[in-house]
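Engineer: Provide a 3D model corresponding to the input given below.
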Amino acid sequence: MSRHASTELLRGYAGGDDLATDVVWAVEVHLETCADCRARLAAEADSVTPLLDQVWADLEPAQAPAPVRRGRWLVTWATPVMGPWLAMTVLVALFALLADLLIPPPLPSLALLLAPIAPVAGVAAAWARALDPAHELVAATPRAGLYLVLRRTLAVLMVVIPLMAVATLTSPLRWLLPCLAFTVATLALGSFVGVRHAAAALIGGWAALVIGPSLVTARPPVVLEPAALGIWAAVLVAGVAVLALRATVYTRLEN
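Structural biologist: The predicted model follows:
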């Protein structure tokens with residue numbers, strides 16, 4: 001563009017008209033070197049300003065107020081999918097309590113056998129990409145990470161532990177430490193293979209190695225005897241150490 005831009009061209013450029021791409025490019029290149037056309041463009045832009053102000057004035061009454069976000073705190077303590085998992089845990093606990101009331105005493109308490117792994121399913125739902133449809137959104141927020149995982153895990157324990165304490169009134173101390181150890185082990189192992197897979201492996205292993213043999217032999221498992229509490233304490237400490245070393249894993253979206 002060797003000569004000055006026309007008034008109509010500058011007016012169309014300032015007003016955002018649908019100009020050809022090569023025309024827009026030529027106008028912008030010319031404006032970089034022509035102070036006169038830049039001054040004329042500024043005048044055209046000033047003439048467009050009242051029109052823009054009028055448009056915004058017409059739009060303001062139609063703008064809806066920003067919605068009030070309720071229950072934002074719930075996102076840090078629970079996910080939508082945790083509800084069904086916790087409900088399932090409640091039903092399993094009630095079933096175990098009913099079975100203990102109906103089954104003759106020689107068999108070990110089913111509620112006692114299930115108590116150590118009772119929170120594991122809820123912990124899996126607290127931070128599992130495959131189970132939470134909003135996982136990617138939550139994982140990308142600044143508050144995501146181990147802090148959020150621990151808050152949701154605590155919410156699970158606040159529901160499960162009182163429930164299992166009622167179901168196992170005669171021996172709550174025998175399963176409480178294993179329960180905490182399983183919870184921490186789920187998160188620690190989950191930092192390597194994912195929380196969902198870790199929970200499935202721990203539940204399956206406990207069912208195959210402890211629950212099944214105990215029901216077959218009609219004897220309480222040795223791992224829930226008071227003598228085994230030291231081992232469970234060691235497992236808990238080891239899980240906490242691994243979780244502390246692998247804490248940054250929970251800030252990554254792929255996990």
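Engineer: So for the helix or strand hosting residue 37, mean pLDDT?
Structural biologist: Using DSSP states H and E, residue 37 sits in helix 35-59. Mean pLDDT, helix 35-59: 67.
Engineer: Same question for stretch 115-134.
Structural biologist: The pLDDT scores in stretch 115-134 average 78.
Engineer: what comes into contact with the helix or strand where residue 95 lies?
Structural biologist: Mapping residue 95 onto the secondary structure by DSSP H and E places it in helix 82-102. By Cβ atoms under 8 Å, 6 or more residues apart in numbering, the list of residues contacting helix 82-102 from outside reads 109-111, 113-114, 118-119, 121-122, 124-126, 131, 152, 155-156, 159-160, 163-164, 166-167. C-beta coordinates here come from the backbone N, C-alpha and C atoms, glycine included.
Engineer: please redo it, this time with the cut-off set to 10 Å
Structural biologist: Contact partners of helix 82-102, identified using Cβ atoms under 10 Å, 6 or more residues apart in numbering, comprise 78-79, 107-115, 117-128, 131-132, 152, 155-156, 159-160, 163-164, 166-170.
Engineer: Got a quick PyMOL command for the buried subset of these?
Structural biologist: Buried members of these can be picked out in PyMOL with the line below, counting by 16 or more other Cβ atoms under 10 Å:
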select buried, resi 78+79+107+108+109+110+111+112+113+114+115+117+118+119+120+121+122+123+124+125+126+127+128+131+132+152+155+156+159+160+163+164+167+168
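Engineer: In helices, which of the contacts of helix 82-102 fall?
Structural biologist: Secondary structure from DSSP state H places 110-114, 120-126, 152, 155-156, 159-160, 163-164, 166-167 of these in helices.
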